[in-house]
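Undergrad: Just need the structure, nothing else, for what follows:
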Amino acid sequence: MRLDFLSPFLVSMFLGGKSEIVGGVVTVGWLAASAGWIYHAFQYNGKVWPSLKATWDNSFLCNRCNEMFCLGN
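TA: Alright, predicted model coming up:
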């Protein structure tokens with residue numbers, strides 16, 4: 001199980017106790033990164049995902065030859 005998402009939290013816990021300014025900067029940075037990630041997710045889900053899903057819906061896997069066939073497009 002990956003716990004990479006905890007590293008910014010652990011850094012903020014370590015540095016947050018050292019100074020209010022450093023803790024504030026880490027918190028604001030974390031919030032900005034989270035907002036950027038959410039924006040990226042919405043952009044991906046609105047622009048990239050629909051075409052990938054349509055390709056997936058119009059394809060099938062032959063169990064005999066193990067080949068993927070795309071219909072249409």
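
Undergrad: Now do stretch 59-68: distance from first to last residue.
TA: For stretch 59-68, the first-to-last residue distance is 7 Å (C-alpha to C-alpha, to the nearest Å).

Undergrad: Return the distance of the helix ranked longest in the chain from the chain's centre.
TA: Longest helix of the chain, by residue count under DSSP state H: helix 20-43. The chain centroid and the centroid of helix 20-43 are separated by 14 Å, computed with C-alpha atoms, centre = their mean, to the nearest Å.

Undergrad: for the record, mean pLDDT for it?
TA: Mean per-residue pLDDT for helix 20-43: 86.

Undergrad: cool, and stretch 62-73?
TA: Rounded mean pLDDT across stretch 62-73 is 85.

Undergrad: Same check on stretch 46-59?
TA: Rounded mean pLDDT across stretch 46-59 is 92.

Undergrad: Next, the most far-flung residue of the chain relative to its centre: secondary structure please.
TA: Residue farthest from the centre of the chain, counting by C-alpha atoms, centre = their mean, is residue 64 at 35.2 Å. What DSSP: H, G, I helix; E, B strand; the rest coil gives for residue 64 is coil.

Undergrad: which strands and helices sit next to the longest helix of the chain?
TA: Applying 3 or more C-beta pairs under 8 Å, 6 or more residues apart in numbering; DSSP states H and E, we find helix 20-43 packed against helix 6-16. The way it works is simple: take the backbone N, C-alpha and C, and place the C-beta from them, glycine included.

Undergrad: Just grab the bridge partners of the residue nearest to residue 67 when sequence neighbours are not counted for me.
TA: Excluding the flanking residues, the one nearest residue 67 by C-beta to C-beta, 6 or more residues apart in numbering is residue 61, at 7.5 Å. Per DSSP bridges, the residues bridged to residue 61 are residue 68.
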